[in-house]
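Colleague: return atomic coordinates for the entry below.
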Amino acid sequence: MNRLILIETSTVLCSTAIAEDGRIICEKISDEPRAHASLTAKFVSDMLKENGLKVDDCDAVAVSEGPGSYTGLRVGVSTAKGLCFGAGIPLIAIGTLDTLAWQAVDNGLVPEGCEYIVPMIDARRMEVYTGVFTTDGRQVSPTTATIVTGDSFSEWLDKGPVLFIGDGARKCEGTINHPDAVFAPLAPKASGMVRPATEALKERRFKDVAYFEPFYLKEFVTTVSKKKLF
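Modeller: Numbering: from 1, shown residues only. Below you'll find the model as predicted:
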């Protein structure tokens, strides 16, 4: 039996799960704003206790590597590293776009005749982090930060139905008006990581726990408040 702890904190959802042999046995999710730091480790601890497990009863920890929220990714990766260091188990990283693509496939969201899935993570204004995947989970275009217009993804839409999934898909519904565009504005969940994470475990595709960093795609930019404090 293989057992995985799954952690997904790249967007507004704080989501954790435990999988055994590719099957989710428990899951915890919260959309409470700015609660990733307080909930992620607690969710993992609660799941383990509820199932009579310890961290070292698991074979690896899989975490979202991004792209996504800077703060959310830092919380998820820090939690995963702490679990791996403490229990001496490997770290697996799964791209957020991969998670969304498999979430679509495993939850039966892919429409009939659809050959392409476009996961979208909300960035700012009309920008999304995105890439194009086939319905067997293979990425066929690079991950980019893209400003969405009415002509975006036309080369894929002209081939037939395309599923746009993710929190970034919501704001694109009124912009991409192609008749073959189908939208599923869902946030990525830890349960969506189970297939790629299980495959990574089998192939022993592990990350260096000490040096692994999230894939932010764009640098985090701080701003200085214009309000006078004194």
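
Colleague: residue 157 and residue 180 touch, don't they?
Modeller: Yes. The pair formed by residue 157 and residue 180 meets the contact definition of CB atoms under 8 Å, at 5.1 Å. Every residue, glycine included, has its C-beta placed from N, CA and C.

Colleague: now do the SS call for residue 177.
Modeller: Secondary structure assignment for residue 177 (DSSP: H, G, I helix; E, B strand; the rest coil): coil.

Colleague: swap that for residue 99, please
Modeller: Three-state assignment for residue 99 (three-state DSSP): helix.

Colleague: list the contacts for it?
Modeller: Each residue near residue 99 by CB atoms under 8 Å, 6 or more residues apart in numbering is listed here: 8, 64, 119, 188, 189, 192, 193, 196.

Colleague: same check, this time on residue 102
Modeller: 137, 192, 193, 194, 195, 196.

Colleague: of those residues, which belong to helices?
Modeller: Using DSSP state H, 194, 195, 196 are the members of the contacts of residue 102 that sit in helices.

Colleague: how much space between the residue positioned nearest the centre of the chain and residue 77?
Modeller: Centre of the chain computed as the mean C-alpha position; nearest residue by CA atoms, centre = their mean is residue 96, 3.0 Å away. With the distance defined as CB to CB, to the nearest Å, residue 96 ends up 12 Å from residue 77.

Colleague: now for these two: what residues contact both?
Modeller: By CB under 8 Å, 6+ apart, the residues touching both residue 96 and residue 77 are residue 65.

Colleague: shaky segments in this protein?
Modeller: Counting by pLDDT under 70, the ranges of the chain that qualify are 219-230.

Colleague: quick one: the strands in it?
Modeller: Shown for the chain, the strands assigned by DSSP state E span residues 3-8, 14-20, 23-30, 60-66, 91-95, 116-122, 127-130, 133-134, 144-147, 162-165, 181-184.
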